[in-house]
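**Q** next one to model:
(2 chains)
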Amino acid sequence: MEQSEIRITAEGKNFRNEIMATHGADKLMHCYQCGTCTSDCPVAKRVPEFRPRNIARLAIYGQKDRLLDGDLVWLCAGCYTCYERCPQKVHVSEIVSALRQLALREGKIHPTIKSIVTTIPRLGYISEIGEFENEMRGEDGLPPAPTPAIEEIKAIMRKTGILGRVGGD
Amino acid sequence: MKYAFFVGCTVLSRLPGYEKSARKVAEKLGVELVDMPGSSCCGTTYMETLDRKTALALAARNIAIAEEMGLDIVTVCNGCTENLTKTNKALKEDPALRAEVNEILAETGKQFKGTVNVKHYVRMLKEDVGLDRVKAASVKPFKGLRVGAHYGCHLLKPTDEMLYEDPNDPKVLDDLIRATGAESVDYPGKTECCAGPVMGIREKVTWDVGMGKVETVKKHADAMATCCPFCYITYERCQFMTETNPNLPVVHIPQLLGLAMGLTANEVGLSTNKVDASALLAKQEA
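**A** Next comes the predicted model:
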């Protein structure tokens, strides 16, 4: 198969540095492309375009658009298999987290993830646990769910600025 | 034995069978689970990938509630266990990070002090209660029942954070299954992920991964037992997404334990399992 040439530009280098400055993603350049991550990835077995090795390679070359366009970085199941088995401790799962954070900065959050994040300050939970749910819990012999201190959760999320960043405030 | 009980959103809202059986089994074993007033979502496993400080602060707020209660935390969700464990470890080990998170928490009047521990329910049973006591309590053991354990990822991984069993050769669920008299079977792919977190991104991937495991377990066992709400939902729901529903019962591990301890099907909420699991009852000694 013919490989398209990729070159690193100054912009690409800058993007790579931003990835590596993120918590847990500093060992990106240790990747020697062995592919252990891809061969063990449960998502890669079903999704041809999701290749952790390729994600690491594109990150090394700072290929921002190829990484952040579409749903590529949101397809990671977060199972940590690549994290555990990488002989170089590159931790591709953490590279993916870094890419999600950079995607978020570009306003590119996946709608499903956005909906989860914005539900937390609204309900205190990721799903509705109101009067009806507590009635059902009662029928099952369960106590009412703890009433979450929603104002405290909102305060935390306002303070860290996450709500503004996902476009939910 | 007394713990702060962190149930987690998904179990609270969708899996009464898990919560009910976990509470009843604890009661049988003399373990007191105390609800945590004002507790909320742990932060989700997604949050950490988006914003670490938010994830730490949301988890630390829940930990601070347990600290005020003076109790260690027990959870029934792998995701909650991971978030709370990681946060607890990071903030105990890094005073600068703790100060930063406590500054965020100052908005809530709560502070993380680092005085409690976090454990998954199954780990608590094995380490604190002890397998011998679980086995001794199994007065109505299973006979000839083959069960396939599914551990899920975040009970064990990342290993440098969770500091528990080897994810390539985990033991706790197998040990608990055996304590009920059932046989815990090995099967190919036992330690693989359910792909549940991709459900909201590309649903079909999750159903395909789920069915792969269900079909494998079906060849080796009568039922599957899990300790994670998301894995449970994946393996249950994927079976209804195909035309050839394999009807493999999926049970929460405390349901299996509870039945062996002489609890009724109703007491362990067996009717809330969407794949009929009543065949298990026929495999118990009278």
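**Q** tell me where chain A has helices.
**A** A:10-20, A:36-40, A:52-60, A:64-68, A:81-85, A:92-105, A:111-123, A:131-139, A:150-160, A:162-166 (DSSP state H).
**Q** sorry, slip of the keys, the one I care about is chain B.
**A** B:9-14, B:16-28, B:44-50, B:52-69, B:78-93, B:95-105, B:121-124, B:131-137, B:159-162, B:172-179, B:203-220, B:229-237, B:253-260.
**Q** so which of those is the most packed in?
**A** helix B:253-260 (a mean of 29; mean count of other C-beta atoms under 10 Å in any protein chain shown). C-beta here means a position set from N, CA and C on the backbone, and glycine is covered the same way.
**Q** can the helix or strand of chain B with the lowest mean pLDDT be said to contact chain A?
**A** Least confident helix or strand, chain B: helix B:44-50 with a mean of 93, by mean pLDDT, DSSP states H and E. Yes - against chain A, helix B:44-50 shows contacts by C-beta under 8 Å from any C-beta of the partner chain at B:44-50.
**Q** let me have the helices of chain A in JSON lines, extended by distance to chain B, mean neighbour count and mean pLDDT.
**A** JSON lines is the format used below for the helices of chain A (distance: least, C-beta to the nearest C-beta, whole Å; neighbours: other C-beta atoms under 10 Å in any protein chain shown; pLDDT from 0 to 100):
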{"stretch": "helix A:10-20", "distance to chain B": "13", "mean neighbour count": "15", "mean pLDDT": "97"}
{"stretch": "helix A:36-40", "distance to chain B": "9", "mean neighbour count": "20", "mean pLDDT": "96"}
{"stretch": "helix A:52-60", "distance to chain B": "13", "mean neighbour count": "22", "mean pLDDT": "97"}
{"stretch": "helix A:64-68", "distance to chain B": "14", "mean neighbour count": "17", "mean pLDDT": "97"}
{"stretch": "helix A:81-85", "distance to chain B": "5", "mean neighbour count": "22", "mean pLDDT": "97"}
{"stretch": "helix A:92-105", "distance to chain B": "4", "mean neighbour count": "23", "mean pLDDT": "97"}
{"stretch": "helix A:111-123", "distance to chain B": "4", "mean neighbour count": "18", "mean pLDDT": "95"}
{"stretch": "helix A:131-139", "distance to chain B": "6", "mean neighbour count": "13", "mean pLDDT": "95"}
{"stretch": "helix A:150-160", "distance to chain B": "4", "mean neighbour count": "20", "mean pLDDT": "96"}
{"stretch": "helix A:162-166", "distance to chain B": "4", "mean neighbour count": "19", "mean pLDDT": "91"}
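**Q** tell me which of those sits nearest to B:G114.
**A** Proximity to B:G114 (C-beta to C-beta) singles out helix A:150-160 among the helices of chain A, at 18.5 Å.
**Q** can you spell out which helices and strands pack onto that closest one?
**A** Contacts defined by 3 or more C-beta pairs under 8 Å, 6 or more residues apart in numbering or on different chains; DSSP states H and E place helix A:150-160 against helix A:111-123, helix B:52-69, helix B:95-105.
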